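Asker: Fold the following and give me the result.
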Amino acid sequence: SSGQRIGGIIGDSYTYTKKVTVTFTNCTNYGKITGRSTWVGGITGVANSTVYITRCANYGSVTGSSTVGGIIGGSYSVVTECYNAGSVTGGSAGGIMGSNNNSTADTAKNLYNSGVVNGSASGGIAGYDNYGNSGNAVFENCYNSYVFENDASAIFGKLSHTFSSGGVEKGPFYPVGKNCYYLSENNETGYDYEGSENQDTTPVSSQAVISETGFPGFDFTNTWIMVDGKIKLRAFATTSDREIHTAPVISTPVDDGSGNVSVTFTGDANAEGIYIEIEGLLEGREYELEDGEYTLTVGNFMNGESY
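Answerer: This is a model prediction of the structure:
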């Protein structure tokens, strides 16, 4: 489209009155979205503060000139439990939102991007933070798994906002990250602007992201799920995903001083099994377990043998 405010579900969902509430729930876009102007999103182009976007996903490529997002282009809204896997290209591009214009604490929560993001002032979750208010927007429990090969930042884009009120310049203001994680390989920072010290953006290694322990603060009971070493939002997990339980809890190995090392772990009859390896003592081996708690003891007197 040659116009602005382009979206995979609705182009312009700005209500122009705070008396009307609009909710996007369980919406998914698989199509290619191309706009030659601003405010382009996989779900909607632009939405105001009375619009709530929850449990929506985009898998198609999204392209625009500026303010381009995998879920929403220009966001004044509240966005929760959303996932983007499509490529996002344009100025002020974000895996979830191109620009954030909301200053409330509930701006964005439980967001996941795995798609490539290209463009100036671009970020894995949000591109341009532009809310023009004395408050700081809060992004909570977000994860970006795409390893950027360009100038994009892992979580937030590089522009912040200042504005004048009564002839007095205020700001700059920065979004606040709370439990925001990104894959550390080749991603230098979680945000690309200076002057803010309260950004909780944390790099995690490819080894750490295969376990729930790699994401402190995430709710793996109600919102997130770990499936075969890959994190997902439960809203987009399949039935078979939910049947596979998370990895067993394994204790720290204990040496009894007599050459025996023990580990305790939980068993789950619904899981596919457990793979155990203790360096120098136990070769990697798979076990099928019933529900309950198990203790495995390995003695170094076995001369390299394992059981």
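Asker: quick one: the helices in this protein?
Answerer: Using DSSP state H, the helices of the chain run over 239-243.
Asker: in it, which helix or strand is least confident?
Answerer: strand 282-287 (a mean of 48; mean pLDDT, DSSP states H and E).
Asker: Once you drop chain neighbours, what's closest to Lys19?
Answerer: Closest residue to Lys19 apart from its sequence neighbours, by Cβ to Cβ, 6 or more residues apart in numbering: Thr50 at 7.9 Å. C-beta here means a position set from N, CA and C on the backbone, and glycine is covered the same way.
Asker: Actually, Thr202.
Answerer: Nearest non-adjacent residue to Thr202 (Cβ to Cβ, 6+ apart): Tyr181, at 5.2 Å.
Asker: Surely the one you found touches Ala208?
Answerer: No: counting by Cβ atoms under 8 Å, Ala208 is not a contact partner of Tyr181; they are 9.1 Å apart.
Asker: and Val20, how many residues sit next to it?
Answerer: 10 (other Cβ atoms under 10 Å).
Asker: And the pLDDT at the residue nearest to it when sequence neighbours are not counted?
Answerer: Of all residues not flanking Val20 in the chain, Thr50 sits nearest, at 6.1 Å (Cβ to Cβ, 6+ apart). Thr50 carries a pLDDT value of 83.
Asker: Can you give me the end-to-end span of stretch 23-43?
Answerer: 12 Å (Cα to Cα, to the nearest Å).
Asker: ok so, going back, count the residues that sit near the residue nearest to Lys19.
Answerer: 19.
Asker: Could you check how far Gly94 is from Gly115?
Answerer: 10 Å (Cβ to Cβ, to the nearest Å).
Asker: got any residues that touch both of the two?
Answerer: Common neighbours of Gly94 and Gly115 (criterion: Cβ atoms under 8 Å, 6 or more residues apart in numbering): Gly70, Val88.
Asker: ok, these two, which is more surrounded?
Answerer: Gly94 (39 against 24).
Asker: residues in contact with that one?
Answerer: 68-70, 88, 117, 122-128, 157.
Asker: shouldn't Val51 be in contact with Ser13?
Answerer: Yes: between Val51 and Ser13 there is a contact under Cβ under 8 Å: 5.4 Å.
Asker: what do the two both touch?
Answerer: Common contacts of Val51 and Ser13, defined by Cβ under 8 Å, 6+ apart, comprise Val22, Phe24, Thr44.
Asker: And for the second one, nearest residue in space, chain neighbours not counted?
Answerer: Computed as Cβ to Cβ, 6+ apart, the closest residue to Phe24 that is not its neighbour in sequence is Ile53, at 4.5 Å.
Asker: Run a quick neighbour tally on the one you found.
Answerer: Neighbours of Ile53 (other Cβ under 10 Å): 28.
Asker: For it, give me its contacts.
Answerer: So, once contact is read as Cβ under 8 Å, 6+ apart, Ile53 ends up touching Thr23, Phe24, Ile43, Thr44, Ala47, Ile71, Ile72, Ser77, Val78, Val79, Thr80, Cys82.
Asker: Show me the residues you listed that map onto strands.
Answerer: Those of the contacts of Ile53 mapping onto strands are Thr23, Phe24, Thr44, Ala47, Ile72, Val78, Val79, Thr80, Cys82, per DSSP state E.
Asker: Now do the contacts for the third one.
Answerer: Remark: with contacts taken as Cβ under 8 Å, 6+ apart, Thr44 is in contact with 7-13, 24, 51, 53, 71-73.
Asker: So which of those residues is the closest to Lys32?
Answerer: Distance to Lys32 across the contacts of Thr44 (Cβ to Cβ) is lowest for Gly8, with 9.1 Å.
Asker: Beta-bridge partners for the closest residue to that closest one other than its chain neighbours, please?
Answerer: With sequence-adjacent residues excluded and distances taken as Cβ to Cβ, 6+ apart, Gly8 is closest to Asn29, at 3.2 Å. On the basis of DSSP bridges, Asn29 is bridged to Asn58.
Asker: quick one: the residue nearest to Phe24 from Asp228, how far?
Answerer: Relative to Asp228, and taking Cβ to Cβ, Ile53 is found at 28 Å.
Asker: ok so, going back, now list the buried members of the contacts of Ile53.
Answerer: The neighbour-count criterion (16 or more other Cβ atoms under 10 Å) marks Phe24, Ile43, Thr44, Ala47, Ile71, Ile72, Ser77, Val78, Val79, Thr80, Cys82 among the contacts of Ile53 as buried.
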